[in-house]
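K.L.:
Give me a model of this one.
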Amino acid sequence: MTDPDPLRDLGIRPGPDGPTLRVWSASASRVDLVIDDAPHDRVVPMVRDEHDVWSATDGALTPGRRYWLRADGPAGGGNAFDPSLELLDPYARGLGRTGRGTWQSTVVDESFDWGGVAKPRTPLDRVVVYEAHVRGLTRLAPFVPEELRGSYAGLAAESTIAYLTGLGVTAVQLLPVHQHVDEQRLVAQGIENYWGYNTLGYFAPHAAYASRDAQLAGASAVLREFKGMVRLLHEAGIEVYLDVVYNHTAEEGEVGGPVTSLRGLDGSAYYRHDAEGRPVDVTGCGNSLDTSTPAASRLVLDSLRYWADEVQIDGFRFDLAATLGRGADHVFDPEHPLLSAIVDDPALEGVKMIAEPWDVGLGGWQTGAFPDGWIEWNDRFRNRARDFWLTDIAAARSQGAPPSGLGSLASKLSGSSNIYAHERGPLSGVNFVTAHDGFTLLDLVSYDGKHNLSNGEGNRDGTDDNRSFNHGVEGDSVNPWISDARRRSMRNLLATLFVSAGIPMLTAGDERGRTQHGNNNAYCTDSELTWVDWSDEPWHRALHDDVATLARLRAENPALRPSRFGLDGARTIGADEMSWHSASGDEMRPDEWNDPGVRTLQYLAASTPEHEAPNTVLVVVHGAETAVPVTLPRHDGVTAYEALWSSDDRSLPQASAPGDDLLVSGPTVVVFRATTVEAAP
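P.N.:
Numbering: from 1, shown residues only. As a prediction, the model looks like this:
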């Protein structure tokens, strides 16, 4: 009888005769399990079945025990068999460094008392994502006990959680926490990979992010601390998303590159190669996982299942996700079996799946092309928000007029229906202005160009397409006019993020004006440059309070977070009924949308929620540095407008009636809540 699931239970599993290790390799001629059984290593030959799964059972595979693999096989074809190498179990739950600087797999105790704490399962329209680095978030935090700063336990500290909930965050998205290592080039330069996009093992948490006590206690204690972090965040109603790097591994390069696991077991199946056996790299990182093969695809799925089930993770952000959707021909296919399996797998039901929808291969930019069930980073939102509030205003200063009109911004405010298919809706996009990769928010308004010399690459690394504006001076400035203009621009960008349809993502520290002094690619710096600065100057507190207010307004007003796209002339539950107005209060004319001289827009969004009371919001967007008179729009059923927030730090206007005139300084965003009555039949 054919085994319906020949690749089941890879890794170490308990059994009646003791723990069994199962490893897949079609190309190997021999695989041995080696157990650290001091004073001597013990070699256990593994047995191959008809599905190329090698197995060995041994009672010594108990928590704390170190073990590794040795494999032999034919040369060439993308393989790197060498029976002298110590290879990692691809499914190892714990990894540890030896005194020789190499790595070995470690059996862990996976038991943990979750205390009945369940996943928050926050509805997508309520999600506010906070992208953070485990070490960088609390390394300098004075409110965290010193011995826990920069660790999983520091992130789970009561004071850290109180800060996140007070800010309005519903999910922390952690930069890679799978065990990772530094690239060979960085090691040679004496620097390290701070971000962690160089994965050594897809099942083991990065040990260096655990507290000192947990590190000394071993891999089981590291895993317990990680699970404890998740449990405490869940108790506070905060979801945990992981940034996962299934597109490539730390076995970088071609000839002479590191051989630590997959390449030494069956590199021809786990990595992409052309017909002649040459590596195909669509990631720019030295290799690409070949998810067109059953073994590589299953590795990804099993890792996701483990973290979602055993570690209770709520969501995943897939780095360079287009790579996962490439077939055997290396072409991206939105119907790729793995992309479908990830969102259709019953074991992953309810888990948020977020794609970084591009890689560096041919046809690599795929924003909007992922199938139903996927959420995508919306880089077009980022670009247009930056252009409207920064480069357009810079152009108006230098050339007398901005290069473009309001139309493109309006589509982003309403959920990017020009990118995402109607049936997917606005919650298919994660809106962001900044991320770990690129300028911080403060640097975005303080630098026209990147300043990456400290990275050791002659300022060649990092993007040149920053869409930033320094407001007249490059870098720090003591000029109060420039400081005020920069802070106003930050408030406008943040407001655009929180009032737009879609899922907002905030980068840790942006709410406090964190700077990297113009470094837009600080992946190799683990220092005060990249850690969140907890200085508490008045303007830091004010910016933080603005973010907290915007997050609260988003939560309180369902019109700011529709779940569906509406259709003209039809009422759609979950969608907003939108009306668009010019500064005069009249409906926008077709010729005004793309007129660069029109920089003021009012949009009225009336919610049609299924589970909440109806709600109507008016947002005024004025994208010029001169003041403009604005007439609040008249609309059926609207009797008054209550000003809720403005990026102009002066006092808010009083409650106003439709047809009232206001003088709006610029550039500015003003948010009103409308008082409504039912329109007459």
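K.L.:
Report the beta-bridge partners for the most centrally placed residue in the chain.
P.N.:
Centroid-nearest residue in the chain: Arg317, 4.9 Å away (criterion: C-alpha atoms, centre = their mean). Taking DSSP bridges as the rule, Arg317 bridges to Asp243, Ile354.
K.L.:
Tell me which residues touch it, please.
P.N.:
Gln173, Tyr241, Leu242, Asp243, Val244, Ile354, Ala355, Glu356, Trp377 (C-beta atoms under 8 Å, 6 or more residues apart in numbering). (Glycine included, C-beta is placed from N, CA and C.)
K.L.:
mind redoing it with 6 Å?
P.N.:
Arg317 sits next to Gln173, Tyr241, Asp243, Ile354 when contact means C-beta atoms under 6 Å, 6 or more residues apart in numbering.
K.L.:
For the second one, grab the count of nearby residues.
P.N.:
For Tyr241, the count of nearby residues is 23 (other C-beta atoms under 10 Å).
K.L.:
same thing with the first one?
P.N.:
Other residues within reach of Gln173 by the criterion other C-beta under 10 Å amount to 27.
K.L.:
ditto for Thr62
P.N.:
12.
K.L.:
how near is it to Val108?
P.N.:
Per C-beta to C-beta, to the nearest Å, Thr62 is found 10 Å from Val108.
K.L.:
same thing with Arg460?
P.N.:
Distance, Arg460 to Val108, by C-beta to C-beta: 42 Å.
K.L.:
what do you get for Val670?
P.N.:
54 Å.
K.L.:
contact partners of the helix or strand of the chain with the lowest mean pLDDT?
P.N.:
In the chain, the helix or strand scored least confidently by mean pLDDT, DSSP states H and E is helix 184-189, which has a mean of 91. Applying C-beta under 6 Å, 6+ apart, the contact partners of helix 184-189 are Glu192, Asn193, Gly456, Cys524.
K.L.:
And the furthest pair within these?
P.N.:
The largest separation in those, counting by C-beta to C-beta, is between Asn193 and Gly456 at 12.8 Å.
K.L.:
More neighbours: the two, which one.
P.N.:
Using other C-beta under 10 Å as the criterion, Asn193 and Gly456 rank with Asn193 on top: 19 against 14.
K.L.:
Number of residues surrounding Arg185?
P.N.:
With other C-beta under 10 Å as criterion, Arg185 counts 15.
K.L.:
Please disregard the earlier target; I meant Ser468.
P.N.:
Count around Ser468 with other C-beta under 10 Å applied: 23.
K.L.:
going forward can the numbers begin at 38, since that is how I track them
P.N.:
With 38 as the first residue, the last one maps to Ser505.
K.L.:
residue ranges with poor pLDDT in this structure?
P.N.:
Counting by pLDDT under 70, the chain contains low-confidence ranges at 38-39, 292, 606, 715-718.
K.L.:
how is it carved up into domains?
P.N.:
Domain assignment for the chain, taken from automatic domain parsing, gives 48-143, 605-713.
K.L.:
quick one: Ser340 and Tyr239 touch, right?
P.N.:
Yes. Ser340 lies in contact with Tyr239 (C-beta atoms under 6 Å); the separation is 4.1 Å.
K.L.:
Neighbour count for those two, which is higher?
P.N.:
The neighbour count for Ser340 versus Tyr239, taken as other C-beta under 10 Å, is higher for Tyr239 (24 against 20).
K.L.:
just checking, Leu132 touches Tyr239?
P.N.:
No. The criterion here is C-beta under 6 Å, and Leu132 misses it with Tyr239 at 10.6 Å.
K.L.:
before we move on, back to that, quick one, which of Arg497 and Val145 is more surrounded?
P.N.:
The residue with more neighbours, out of Arg497 and Val145, is Val145; 24 against 10, by other C-beta under 10 Å.
K.L.:
The stretch 288-437 of the chain: strands as residue ranges?
P.N.:
352-355, 389-392, 412-415 (DSSP state E, counting those that start in this stretch).
K.L.:
Check which helices and strands the second one sits against.
P.N.:
With contacts defined as 3 or more C-beta pairs under 6 Å, 6 or more residues apart in numbering; DSSP states H and E, the packing partners of strand 389-392 are strand 352-355.
K.L.:
Please give the centre-to-centre distance between the strand it packs on and its chain.
P.N.:
Relative to its chain's centre, strand 352-355 lies at 7 Å (C-alpha atoms, centre = their mean, to the nearest Å).
K.L.:
And for stretch 635-655?
P.N.:
On C-alpha atoms, centre = their mean, the centre of stretch 635-655 falls 28 Å from the chain's centre.
K.L.:
Quick one: end-to-end distance for it.
P.N.:
One end of stretch 635-655 to the other measures 19 Å (C-alpha to C-alpha, to the nearest Å).
K.L.:
Can you mark which positions in that stretch are buried?
P.N.:
635-646, 652-655 (16 or more other C-beta atoms under 10 Å).
K.L.:
contacting residues for Val536?
P.N.:
Leu597, Val656.
K.L.:
what about Gln706, helix or strand, and which?
P.N.:
Slight slip there: residue 706 is Val, not Gln. strand 705-713 (DSSP states H and E).
K.L.:
Now do the buried residues in the least confident helix or strand of the chain.
P.N.:
Gln221, Leu223.
K.L.:
Can I get it in CSV? Just the C-alpha atoms.
P.N.:
Extracted C-alpha coordinates of helix 221-226, given in CSV (Å, rounded to 0.1, in the frame of the first residue of the first chain):
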residue,chain,number,x,y,z
GLN,A,221,31.4,34.9,5.5
ARG,A,222,32.1,38.4,4.1
LEU,A,223,31.0,40.0,7.4
VAL,A,224,33.1,37.6,9.5
ALA,A,225,36.1,38.6,7.4
GLN,A,226,35.4,42.3,8.1
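K.L.:
what's downstream of it, the next helix or strand?
P.N.:
helix 249-254.
K.L.:
what's next to that next one, contact-wise?
P.N.:
With contact meaning C-beta under 6 Å, 6+ apart, helix 249-254 is reached by Ala244, Ala258, Val259, Glu262.
K.L.:
go with 7 Å
P.N.:
Glu184, Ala244, Ala258, Val259, Glu262 (C-beta atoms under 7 Å, 6 or more residues apart in numbering).
K.L.:
picking up where we left off before, let's have the domains of the chain in JSON lines, adding distance to Ala194.
P.N.:
Converted to JSON lines, the domains of the chain look like this (distance: least, C-beta to C-beta, whole Å):
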{"stretch": "domain 48-143", "distance to Ala194": "24"}
{"stretch": "domain 605-713", "distance to Ala194": "30"}
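K.L.:
which stretch among those comes nearest Val397?
P.N.:
domain 48-143 (20.1 Å).
K.L.:
sorry, back to before: centre of the chain to the least confident helix or strand of the chain, how far?
P.N.:
Mean-position distance between helix 221-226 and its chain equals 26 Å (C-alpha atoms, centre = their mean).
K.L.:
now swap in stretch 416-429 and tell me
P.N.:
Using C-alpha atoms, centre = their mean, the offset of stretch 416-429 from its chain centre is 19 Å.
K.L.:
Check stretch 78-88 too.
P.N.:
With C-alpha atoms, centre = their mean, you get 39 Å for stretch 78-88.
K.L.:
Also stretch 655-669?
P.N.:
33 Å.
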